[in-house]
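1. Please find the sequence and the predicted model below.
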Amino acid sequence: MNQRLFSPLAAGLLALLACAATAPCWGVEHVTLRDDSGERKISGKLLVEAQDGGVLLLAPDTRLWAIEPEKIVARSHDDQPFVPLEREALAQQLLTELPEGFQILHTDHYVICYDTSRAYAEWSGQLYERLFNAFYKYWEDRNVELKPPEVPLVALVFQTKQSYADYARQELGAATEAIVGYYSLQSNRVMMYDLTGVEGAKFGDRAGFSARVNAILARPDAEMTVATIIHEATHQLAFNSGMQQRLADIPLWLSEGMAVYFETPDLKNSRGWTKVGAVNQQRLVTFRRYLQQRPADSLATLISSDDRFRDTKTAPVAYAEAWAFNYYLIRNHKQAYAQYLKLLADKGPLLSDGPEERLKQFTAIFGDDLERLDAAFVKYMLKVRL
């Protein structure tokens, strides 16, 4: 689950979506706004200017700002090129935003801001780096062109579930308690907490930490825990590699199904995750159970609408079917899948496709005989070993 539905940003985005216009081409936009927290100035790249005067800005730290017209006090712009923050400046900004006690860990591609043990931050960084390298290598081997992130990717690691929940509640609301980590489309960050501290213990030395990690990986909920971390980090990679653009109309069957495709943990390995595309046992079981009452139009509704993902009653099955469909397409329609990813990569922000347009885009690449494709898909997935 990427954080697409819960943010306070959503109301502003919907307003912009209703009257979006093409953004001018000057360099940096400067907006002074006034809201409940007072008056402040936001500078960044202008992505969208709505007809009513609302704007969508990309800040140098890659945060998105949807600013409603009634909150704008003043605006100006200059012709200076938009320049994302460099690593050290980004790290310093993070430290000023977060409570006292946070530290910075730099890895090759990430800036990790944490207030838990150094050992856990390093374990998290190693997990993210393995995913980063695997993600780029996997799609390079399948002729999917990606670009490097404009800035180092940011991950926040909180010491306790409570401190994580306090921070995340402003974006996730009541859903915070059920989510051990998430990717925010607004801030472009992955948030999580120290999973080795769920019972109040903290192991700073490596021997104790290693024992604690092994204990966590042996827990009944370990598979979902590791899967969630990888899942959300996969979303972050997709939105920072040029594969998908934030706020573009990316079908959830593709974005969520791909994230599930990457997430499958390897609990036999002390690292918790080692490879891409392993059979997701839990999702496969759910999908096969669903086949007993699966309606004939299930694939069509999955492709044309996100509704099943947004309903808590149908979401588990929608995620399972999305994983299964991505699993099938990647293995059996590699070239078409790469073409479809290119189509999605070219989509701009805040432009929405209706159900018919989504189906049209899909069938233009994968063929218009959806019934035949569905039959082949189900047949293939029935042969996948648990």
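-> Yes, it's here.

2. How many neighbouring residues does residue 156 have?
-> Per other Cβ atoms under 10 Å, the neighbour tally for residue 156 reads 24. Just so you know, the C-beta spots here come from the backbone N, C-alpha and C atoms, and that holds for glycine as well.

3. same thing with residue 375?
-> Neighbours around residue 375, by other Cβ under 10 Å: 12.

4. Off-centre distance for the longest helix anywhere in the chain?
-> Determined from DSSP state H, the single longest helix within the chain is helix 118-140. Between the centre of helix 118-140 and the centre of its chain there are 15 Å (Cα atoms, centre = their mean, to the nearest Å).

5. do the same with stretch 375-386
-> 28 Å.

6. could you give the mean pLDDT of that stretch?
-> Stretch 375-386 carries an average pLDDT of 96.

7. same thing with stretch 259-278?
-> On average, stretch 259-278 scores 74.

8. Endpoint to endpoint, it covers what distance?
-> 12 Å (Cα to Cα, to the nearest Å).

9. ok, how many other residues are close to residue 86?
-> A total of 11 residues lie near residue 86 under the criterion other Cβ under 10 Å.

10. which stretches of the stretch 201-350 of the chain have low pLDDT?
-> Along the stretch 201-350 of the chain, segments meeting pLDDT under 70 span 201-210, 212-213, 215-217, 219-222, 224-225, 265-274.

11. Now do the helices in it.
-> 206-217, 222-240, 252-263, 281-290, 298-304, 307-310, 315-332, 334-345 (DSSP state H, counting those that start in this stretch).

12. by contact count, what packs against the shortest one?
-> Secondary-structure packing of helix 307-310 (3 or more Cβ pairs under 8 Å, 6 or more residues apart in numbering; DSSP states H and E): helix 252-263, helix 298-304, helix 315-332.

13. For residue 184, list each beta-bridge partner.
-> Going by DSSP bridges, residue 184 is paired in beta bridges with residue 3.

14. gap between it and residue 374?
-> Residue 184 is 34 Å from residue 374, where distance means Cβ to Cβ, to the nearest Å.

15. Give me the most central residue, this structure.
-> residue 235 (2.7 Å; Cα atoms, centre = their mean).

16. how many other residues sit next to residue 160?
-> Using other Cβ under 10 Å, residue 160 is surrounded by 16 other residues.

17. isn't it right up against residue 192?
-> No - Residue 160 sits out of contact with residue 192 when judged by Cβ atoms under 8 Å, with a separation of 11.6 Å.

18. hmm, back to that, okay if I get the helices and strands packed on helix 307-310 as JSON lines plus mean neighbour count and distance to residue 120?
-> Below are these laid out as JSON lines (neighbours: other Cβ atoms under 10 Å; distance: least, Cβ to Cβ, whole Å):
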{"stretch": "helix 252-263", "mean neighbour count": "25", "distance to residue 120": "20"}
{"stretch": "helix 298-304", "mean neighbour count": "20", "distance to residue 120": "37"}
{"stretch": "helix 315-332", "mean neighbour count": "21", "distance to residue 120": "28"}
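
19. Switch those over to CSV; also include distance to residue 28.
-> Listed next are the helices and strands packed on helix 307-310 as CSV, based on distance: least, Cβ to Cβ, whole Å:
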stretch, distance to residue 28
helix 252-263, 30
helix 298-304, 39
helix 315-332, 38
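
20. what's the closest of those to residue 92?
-> Residue 92 sits nearest to helix 252-263 of all the helices and strands packed on helix 307-310, at 30.6 Å, using Cβ to Cβ.

21. elements contacting the closest one?
-> strand 2-3, helix 118-140, helix 222-240, helix 307-310, helix 315-332.

22. show me the contacts for the closest residue to residue 329 other than its chain neighbours.
-> Using Cβ to Cβ, 6 or more residues apart in numbering and skipping the chain neighbours, the partner closest in space to residue 329 is residue 337 (4.9 Å). By Cβ atoms under 8 Å, 6 or more residues apart in numbering, the contact set of residue 337 is 142, 329, 330.

23. if we can go back for a sec, who has more neighbours, residue 184 and residue 374?
-> Taking neighbours as other Cβ under 10 Å, residue 184 and residue 374 compare with residue 184 leading, 26 against 18.

24. Check what pLDDT the more buried one gets.
-> Residue 184 is given a pLDDT of 95.

25. and residue 56, which of the three is it?
-> Look at residue 56: counting by DSSP: H, G, I helix; E, B strand; the rest coil, its state is strand.

26. Dihedrals phi and psi, the closest residue to it other than its chain neighbours?
-> The shortest distance from residue 56 to any non-neighbouring residue, by Cβ to Cβ, 6+ apart, is to residue 48 (4.0 Å). Backbone torsions of residue 48, given as degrees, to the nearest 10, read phi -140, psi 140.

27. okay but residue 48 is in contact with residue 350, surely?
-> Yes - under the criterion of Cβ under 8 Å, residue 48 makes contact with residue 350 at 5.6 Å.

28. And this structure, what are its domain boundaries?
-> Annotated domains of the chain cover 2-78, 87-240, 281-383 [automatic domain parsing].

29. Give me the neighbour count for the residue nearest to residue 56.
-> Neighbours around residue 48, by other Cβ under 10 Å: 23.

30. Okay, it and residue 193: tell me how far apart.
-> Plainly put, residue 48 is 34 Å away from residue 193 if you go by Cβ to Cβ.

31. what's the answer for residue 116, then?
-> Note on residue 116: its distance to residue 193, by Cβ to Cβ, is 8 Å.
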